[in-house]
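[1] here is my input, please return the structure:
(2 chains)
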Amino acid sequence: MKTAMHRILFPRWPLFLLALYLAALPARSVHAHAVVTAHTLQEQPVKPGQPTAVALFFNSTIEFSLSKVQLVSGNDVHHTVPIKAGKKRGELLIELPALEAGNYALKYKVFAADGHLTEDVLRFRVAP
Amino acid sequence: MQDIQGIANFLDDLMGGLQLIAYCIAIGSVLWTLRVLRPASSDAPPSVHSIALRLLVRSAWALAITQLVEIVMKGIVIAATLDELPLAYAGTVQFIAGTVRILLAIALGAAAGRVARNPRDANAWKTLYGMSVALIVCGAWLVHAVGRFEYRELLMSITVLHQLAAAVWFGGVAQLVLLWRLSQRDPAAWVFWPQAVARFSILGIWSVAGLLLSGSVLAWVYVGAWDGLVGTGYGSLVITKVILLAVALGLAWLNFRSGKAWKERGDTRDVTTKTPFFIEAESFVLISILFVAATLSSQPPAVDIPNLTATPVEVAQMFMPRIPEMESPSHAELMAGEIGRIAIVNKVPSVAGAQWSNFNHNTAGIFLTTMGILAMLSYSRRFPWAKYWPAGFVGLAIFLFFRSDAETWPMGPMGFWESTFGNGEVLQHRMATFLALGLGVMEVKTRARENLHQRLIYLFPMLCAFGGILLLTHAHSEFELKTEFLIQSTHTVMGLLAVLMATGRWLELRLASPVGRTCGFLSICMMTVIGLNLLFYYEPVW
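    Numbers count the residues shown, from 1 in each chain, chains lettered A, B, ... in the order given. Below you'll find the model as predicted:
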């Protein structure tokens, strides 16, 4: 009886434990094949009280219609901002609204042509 | 929604590796039938043809399914990001090339099925080869070179050749594993076994040459400089791949030697007593390489991030011996620092967070190093009690239970049941803890040679390899690319060592002494080095 039970149960044990292990894997994963190699925030800083266009340059072709950029302000409040393709390859144009002086960040999620999703943050300051 | 995205991302990762494995087995199996079984000659028994084609059919289906899951997962990730799934997704290169690959994989599986039913059907063979070529070419639009601006077409072509070479090697190894199992119950397959090993060795040499040549070009273009090789996630994975490749090549060389001995002198000793198990171990290593390769495609190439590259000195500092952190900040101190650490705009690095993590890693290092030393002693007859060293996993599990989730019971305000079933990450930690506990108990029984089910003794090396692969493939960078890489560099080394540890333990279980025992001892040495790595672990403040 015990042998029969073993035959039934034991061959399934490894699979069960492997399945359990798979389920236990941490789900943290952020792809980052595409990265920003340059941006205009340093050369042309955002001035307070006026809308600004910011350009990000990626190392890879980007699917713009499947990408999203959020402006994050002081208390980590997120606002989605409009984006469009720039003239150069891999150039993403972001239209920022008029901002008050303070610390901000651009949080972007872009879908690259190779199928990988990149998520990253670019912090900047609007000087008074 | 964030949880769905996390799971979808993880499945996307996993599918990348599984897809590469399925692709390699499918394409490698086609070349196996062509060059090793040689349908035109009749020296390979029908049963061998039959299992080879069955594996080909299954891997083709697996390729179609994993590709489909990947397309769906990417769709879920995009929908979670944009709060909708735009139709534009169907127009992306990935969607189109992925769909074509699914159709071609199904066609390949169907063609292989036709060949299996009627091996003399010349048209079925032609279809099989035609579909294979189409599948290989289609892969060019699914590699990361497709998004590059420079040398796009050239890099796509070289990557396809690299994948093809890997497919010949891994597909052949998978077929050899299957053939060995068949030979245990089929005398005709037993007779054919040495012939297959000898023939595959020649094919293997060509595939390794192709792999090294194409891999060198890709590494040259994507890494660019020595600093990038040492100081980026991409570069460190390339180094890992090279080390694993060297191990796989060493095992392949042993098999080549056995095949040669059989061919020249008719000596079947090694080819039947060692080669099958070396091939099993080789498959472990090759699977790890394929997962690393899949992860490489989601890393930013080192050549693109010169400003985010760590210096060799910074990387070396991560591995320097230092006094372990034996004092943990209080729970209140940790929680106070977390608010600033997770802020996006006004981010404040948390010293308490780094110290908490150091304490966790360093204490885990004490557990593993002690277990490693005891395990080494267990190889001497003078210390029979040392064989119970895996009991340390039970202690480690208890430690993990208390320390892995600071915000939950018994350390934090969240209750046990509320946190376990209300938070996906906590649930995963609890399950991992339970597994460590189970593994400890099971491995104690194995080492003590208690009456344990035969298959259960292989669970430990399998899970070690799996854990190693996990550490290697989760080398993704989050928001602080350089800091995250420095942290990941230690985990990448541990992942590599875990795969080698698994390989050693597997060989110990499969091979007779003294070779098996030596492999087992080396495996324990790897575990001790992992322990030391954890003991000296140091997390930069971020």
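[2] need the contact list for the nearest residue to B:Leu472 once chain neighbours are set aside.
    Spatial nearest neighbour of B:Leu472, excluding adjacent residues (CB to CB, 6 or more residues apart in numbering or on different chains): B:Gly495 at 3.8 Å. Where you see a C-beta, it was placed from the backbone N, CA and C, and this is true even at glycine. Applying CB atoms under 8 Å, 6 or more residues apart in numbering or on different chains to B:Gly495 gives the contacts B:240, B:467-472, B:475.
[3] how about the strands in chain A?
    Secondary structure of chain A (DSSP state E): strands located at A:36-39, A:52-58, A:62-73, A:77-81, A:83-85, A:91-96, A:102-112, A:117-126.
[4] can you list the residues that contact the first one?
    Contacts of strand A:36-39 with the rest of the structure, by CB under 8 Å, 6+ apart, involve A:54-59, A:120, A:122, B:304-305.
[5] okay, B:Leu500 and chain A: tell me how far apart.
    20 Å (CB to the nearest CB, to the nearest Å).
[6] typo on my end, it should be B:Leu213
    B:Leu213 sits 23 Å away from chain A, going by CB to the nearest CB.
[7] tell me how many other residues crowd that residue.
    Neighbourhood size, B:Leu213 [other CB atoms under 10 Å in any protein chain shown]: 14.
[8] buried set for the helix or strand harbouring it?
    Per DSSP states H and E: B:Leu213 is located in helix B:187-223. By 16 or more other CB atoms under 10 Å in any protein chain shown, the buried positions in helix B:187-223 come out as B:189-190, B:192-201, B:203-204, B:207-208, B:210-211, B:214-215, B:217-219, B:221-223.
[9] OK, contacts around B:Ala167?
    Shown in contact with B:Ala167 (CB under 8 Å, 6+ apart): B:23-28, B:31.
[10] so which of those is the closest to chain A?
    Proximity to chain A was ranked across the contacts of B:Ala167 by CB to the nearest CB; first place goes to B:Tyr23, at 15.2 Å.
[11] quick check: the residue lying closest to the closest one once chain neighbours are set aside vs chain A, distance?
    Spatial nearest neighbour of B:Tyr23, chain neighbours left out: B:Leu63 (5.5 Å); criterion: CB to CB, 6+ apart. Distance, B:Leu63 to chain A, by CB to the nearest CB: 16 Å.
[12] can you check B:Phe95 too?
    9 Å.
[13] surely that residue touches B:Tyr89?
    Yes. If you go by CB atoms under 8 Å, B:Phe95 and B:Tyr89 touch, sitting 5.9 Å apart.
[14] Validate this expectation: B:Glu314 resides in a helix.
    Yes. Counting by DSSP: H, G, I helix; E, B strand; the rest coil, B:Glu314 is located in a helix.
[15] what about it, how many neighbours?
    16.
[16] could you look up the SS state of the nearest residue to it once chain neighbours are set aside?
    Sequence neighbours aside, B:Leu486 is the residue nearest to B:Glu314 in space, at 6.4 Å (criterion: CB to CB, 6+ apart). Judged by three-state DSSP, the three-state class of B:Leu486 is helix.
[17] turn the strands of chain A into JSON lines, columns for mean pLDDT.
    Shown next, in JSON lines, are those (pLDDT from 0 to 100):
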{"stretch": "strand A:36-39", "mean pLDDT": "91"}
{"stretch": "strand A:52-58", "mean pLDDT": "94"}
{"stretch": "strand A:62-73", "mean pLDDT": "92"}
{"stretch": "strand A:77-81", "mean pLDDT": "93"}
{"stretch": "strand A:83-85", "mean pLDDT": "93"}
{"stretch": "strand A:91-96", "mean pLDDT": "95"}
{"stretch": "strand A:102-112", "mean pLDDT": "92"}
{"stretch": "strand A:117-126", "mean pLDDT": "88"}
